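Trainee: I'll drop the sequence and a predicted model, then ask my questions.
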Amino acid sequence: MSGPNAYEAEFTVQSELGLHARPAGQFVVLASRFASEISVGRGVDWVDGRSVLSLLSLAASRGTKLRIRAVGPDAQAAVEALGRVLEEQQTAPPRPAAG
């Protein structure tokens, strides 16, 4: 990665359930607001940051370290905003009461 329009940082998934469908969906919606190309990596695997299925394929449980890379005019802002999604303390949704 090089150049003034590229930015990359590492974040730790904090959600109790890991990077499951809801936070992956939030990530994709937010990613679509940026002009930069966004990729998310785990180890040597990199996926499209605008695809829920690609993000879910990383199987990122709580505590997993993921790298976010953006290339474009708003790269640093994109990485920082998307990193906050990964580091939010989301908990499991409440179970409906038995009745």
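Mentor: Arrived safely.

Trainee: what's the closest non-adjacent residue to Gly83?
Mentor: Closest residue to Gly83 apart from its sequence neighbours, by CB to CB, 6 or more residues apart in numbering: Phe11 at 4.2 Å. All C-beta atoms are positioned from the backbone trio N, CA, C, and that covers glycine.

Trainee: repeat that for Glu37.
Mentor: Spatially, and ignoring its direct neighbours in sequence, Glu37 is nearest to Val71 (4.9 Å; CB to CB, 6+ apart).

Trainee: burial count for that neighbour?
Mentor: Val71 has 17 neighbours, counted by other CB atoms under 10 Å.

Trainee: am I right that it is in contact with Asn5?
Mentor: Yes: shown here, Val71 and Asn5 form a contact pair, counting by CB atoms under 8 Å, at 6.0 Å.

Trainee: which neighbours do these two share?
Mentor: Common neighbours of Val71 and Asn5, using CB atoms under 8 Å, 6 or more residues apart in numbering, are Ser36.

Trainee: hang on, Val28 packs against Ser51?
Mentor: Yes: assessed by CB under 8 Å, Val28 is found in contact with Ser51 at 6.9 Å.

Trainee: more neighbours: which of these two?
Mentor: In terms of neighbours (other CB under 10 Å), Val28 is the more surrounded of Val28 and Ser51; the figures are 20 against 15.
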